[in-house]
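Visitor: Sequence below, structure please.
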Amino acid sequence: MTDKEQQDQDFKWFLDNIESLFKQYGDKVAVVKNKIILSVHDTFSEALEDAKKTEKLGTFLVQRIYESKNKINPCFSGHNNAEAIYWLKK
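Guide: Below is the predicted model:
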């Protein structure tokens, strides 16, 4: 499986579980890899910097946890950055 395919699966898993993640962690920023929450932080930059210490860019997802997937704002690391920025501007 490619890194992009794994990130796509991680994002789907994140969306499917966002309400329970919000109940568990609240309004935080999560680092997700292989359908696992690696860490939770107060800010996107803090989450990204922490994840880069142990993970290769392009292999994980950094995402704010909202109470509903209707408020989602995808933020990817690595090679998906350009895709996420384009998607957000649509």
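Visitor: Read off the pLDDT value for residue 4.
Guide: The predicted local distance difference test score for residue 4 is 86.
Visitor: can you map out the strands along this protein?
Guide: With DSSP state E as the definition, the chain shows strands at residue ranges 29-33, 36-41, 61-64.
Visitor: how far is stretch 55-73 from where the chain is centred?
Guide: 2 Å (CA atoms, centre = their mean, to the nearest Å).
Visitor: tell me which residues of it are tucked away?
Guide: The neighbour-count check on stretch 55-73 (16 or more other CB atoms under 10 Å) flags 55, 58-65 as buried. (C-beta placed from N, C-alpha, C; glycine too.)
Visitor: Then stretch 36-50?
Guide: Going by neighbour count (16+ other CB under 10 Å), the buried part of stretch 36-50 is 37-41, 46-48, 50.
Visitor: That one spans what distance, first to last residue?
Guide: 16 Å (CA to CA, to the nearest Å).
Visitor: Would you pull up how far it lies from the middle of the chain?
Guide: Centroid separation for stretch 36-50 versus its chain: 9 Å, with CA atoms, centre = their mean.
Visitor: Can you tell me which helix or strand of this protein has the lowest average pLDDT?
Guide: The element with the least model confidence among the helices and strands of the chain, by mean pLDDT, DSSP states H and E, is helix 81-89, at a mean of 42.
Visitor: which residues pair with residue 37 across the strands?
Guide: Applying DSSP bridges to residue 37 gives these bridge partners: residue 32.
Visitor: Might one say that it is in contact with residue 20?
Guide: No - assessed by CB atoms under 8 Å, residue 37 is found out of contact with residue 20, at 11.0 Å.
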